[in-house]
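Q: model this:
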Amino acid sequence: MPPKGKKLYLHETKIESDAVHYRYRLDHFISIKMPWYSKTEIHKFIEAGEFFLNGVPAKKGKRLGINDVLIRRYWREEVFIDYNLINIEKVFENDNFIAFNKPPTIAVHPNSAYQYGTMIQILEEKYGYQNLKMVHRIDKETSGLILFAKTKEYATYLINKFFDRDISKKYLAVVKGVVPQKDFSVKMMLGFSTNSKIRLKQGENIKDGLFSHTDFHVIKQYNGYAIIEATLHTGRQHQIRAHISHYGNYIIGDKIYGPDEMIFDKFTLNGMDDEMLERLEVPRHFLHAYKISFFDDFTGETIKIKASLPQDMHDFLKKLKGFE
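A: Predicted structure coming up:
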């Protein structure tokens, strides 16, 4: 049984092999794809029957073929979330869609990492919204604006507008250190980092990356910190966080692109501890999606929506003002 205040949920992770990993031992392949686990832990998971190769329970010495499908199924403890303690602010609504201000540290929808306490579940079970259509997403730790369509027709419309970069999205970030330029842009081929142990980490990848572009504007430079506005021109994974890191700063609280990427490794395994928090300064990365605007062909109007800062960012910035 899980500890008090936690529940067990079944998770599933799927990985496909390719020609690069042909004839790799299964345990070696898993260590490449899941570098945050030690070899001892990987062997333990395999022996516990958590991994299936092409539908059959896997053995650690098995050699991979091309296009093999590896699935890990396992039970994971998740902290019980009391919906009554989570408030989701509705920022805008018309006949076609609703805009909400997502609180930090809740996932938008169930996925391989989180099955419970997601934004969609809270909207359905606490607020009574049914059949909302998700048209985009933001990271679990990121707060701010997220849109949901009310109909399939409008969902398709918004998805296409996001894909065509016909929707303006602006973010606020609290950044560590002095930012040399008031206004700057980062353009790079962004893809999986070639020199990181963290599988999710993005970085400059000339060979396999995709073009990415963000414009930055320093709103305020404090003593050792800055609040920056980021305007997305493309929408790659971790784009703002990776671009700020590439520029030479990082968003405070960032477990991957912050002071030490291995904090993410330790956090994934054991959760937050005092040593991590001291280095990160805050328990989650301070990135907030605060403005969205677009021309709505359905109504013939220009939609402009703004979301207020979450309490943790507000309190941190208020504290900084005393140390300018």
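
Q: state the distance from residue 10 to residue 50.
A: Distance from residue 10 to residue 50, counting by Cβ to Cβ, to the nearest Å: 11 Å. The way it works is simple: take the backbone N, C-alpha and C, and place the C-beta from them, glycine included.

Q: which neighbours do the two share?
A: Residues touching both residue 10 and residue 50 (Cβ atoms under 8 Å, 6 or more residues apart in numbering): 73-74.

Q: so between the two, which is more surrounded?
A: The neighbour comparison of residue 10 against residue 50 (other Cβ atoms under 10 Å) goes to residue 50, with 18 against 9.

Q: doesn't residue 73 make contact with that one?
A: Yes. Between residue 50 and residue 73 there is a contact under Cβ atoms under 8 Å: 6.2 Å.

Q: what's the weakest-modelled helix or strand in the chain?
A: The helix or strand of the chain with the poorest confidence is strand 6-16; it has a mean of 74 (mean pLDDT, DSSP states H and E).

Q: buried residues, the helix ranked longest in the chain. List them.
A: Secondary structure of the chain per DSSP state H: the longest helix is helix 152-163. For helix 152-163, burial by neighbour count (16 or more other Cβ atoms under 10 Å) applies to 154-155, 157-158, 161-162.

Q: quick check: next helix or strand after that helix?
A: The first helix or strand that comes after helix 152-163 along the chain, using DSSP states H and E, is strand 168-176.

Q: which residues are in contact with that next one?
A: Contacts for strand 168-176 (Cβ under 8 Å, 6+ apart): 142, 144-145, 219, 224-232, 235, 240, 244, 249-252, 258, 281, 286-294, 309, 313, 316-317.

Q: buried ones among these?
A: Listed as buried from the contacts of strand 168-176 are 142, 144-145, 225-232, 240, 244, 249-252, 258, 286-292, 294, 309, 313, 316-317; burial here means 16+ other Cβ under 10 Å.

Q: just give me the neighbour total for residue 192.
A: The burial count for residue 192: 15, using other Cβ under 10 Å.

Q: ok, now residue 85?
A: Residue 85, neighbours per other Cβ under 10 Å, totals 6.

Q: let's see the pLDDT reported for it.
A: Looking at residue 85, its pLDDT reads 82.

Q: and for residue 48?
A: We have a pLDDT of 93 for residue 48.

Q: please apply the same query to residue 322.
A: For residue 322, the model assigns a pLDDT of 53.

Q: next: residue 35.
A: As predicted, residue 35 sits at a pLDDT of 68.

Q: how about the buried residues of helix 152-163 in JSON lines, adding distance to residue 107?
A: Shown next, in JSON lines, are these (distance: Cβ to Cβ, whole Å):
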{"residue": "154", "distance to residue 107": "24"}
{"residue": "155", "distance to residue 107": "20"}
{"residue": "157", "distance to residue 107": "25"}
{"residue": "158", "distance to residue 107": "20"}
{"residue": "161", "distance to residue 107": "24"}
{"residue": "162", "distance to residue 107": "19"}
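
Q: for these, which one is nearest residue 104?
A: Lowest distance from residue 104 to those (Cβ to Cβ) belongs to residue 162, with 21.7 Å.

Q: and the closest one, how far from residue 212?
A: Here the criterion is Cβ to Cβ. By it, residue 162 lies 15 Å from residue 212.
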